[in-house]
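[1] Let me see the structure of the following:
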Amino acid sequence: MRKKTGYLRQSFFVMLFLMLYVFNVNADDLKVLRKIEFHKKAPKKLISTLLQESNYNDPLPERVYYEKFDLNNDKSKEYFLYLADSAWCGSTGCVIIIASKHGSKLNSLLQIQGGNIFIQNDKTNEYHNLLIEGGKGNYIFNWNGNFYQKLNINSQHKR
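    Numbering: from 1, shown residues only. Okay, the predicted model is just below:
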């Protein structure tokens, strides 16, 4: 039994090395804190407040999912909203809005079209950096003091 366990452990490390080599991933790229998953249906009040702040006048989207995460460790979680209605989706995916709440007001920090969002351990100006994996490439977004901005990096950046 001991021989089999050693073989499995060795196989695991060989596969890990091959994956890191083939996908050109280095240690800095593995600093992902969390992937944002959209499983919870967003309350209508949250949707209307956010879209009202954006001067949106059309009927509210019906299928909106959300997740919360504290991006700047201020003990107030930011909202990640995924607007899954057909009016909000295109060839690169559906609209995702990241917003912070200040009192009863929601402020948009970033709006993107589709992609997977990964919260990175690295921070800029006290906010976690975001890795967005999308159909047109992968991008890092960092906080510039007012909103998230896309960094000029290689579009093949790996997680």
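
[2] Can you pull out the low-pLDDT segments for the protein?
    By pLDDT under 70, the weakly predicted segments of the chain are 1-30, 53-57, 152-159.

[3] Now do the helices in it.
    Assigned by DSSP state H, the helices in the chain fall at 2-22, 44-53.

[4] tally of neighbours for residue 103?
    Residues contacting residue 103 under the criterion other C-beta atoms under 10 Å number 5. Backbone N, C-alpha and C define where each C-beta goes, glycine included.

[5] So this structure: which segments form each domain?
    Following automatic domain parsing, the chain resolves into domains at 1-25, 31-150.

[6] Residue 39: how many residues sit nearby?
    Applying other C-beta under 10 Å, we find 8 residues neighbouring residue 39.

[7] my guess is it contacts residue 68, does it?
    No: counting by C-beta atoms under 8 Å, residue 39 stays clear of residue 68, with 11.8 Å between them.

[8] most tightly surrounded among the domains of the chain?
    Counting by mean count of other C-beta atoms under 10 Å, domain 31-150 has the highest mean neighbour count of the domains of the chain, with a mean of 16.

[9] For that domain, measure first residue to last.
    Start to finish, the residues bounding domain 31-150 are 18 Å apart (C-alpha to C-alpha, to the nearest Å).

[10] Next up, the contacts around residue 93.
    113, 114, 115, 134, 135 (C-beta atoms under 8 Å, 6 or more residues apart in numbering).
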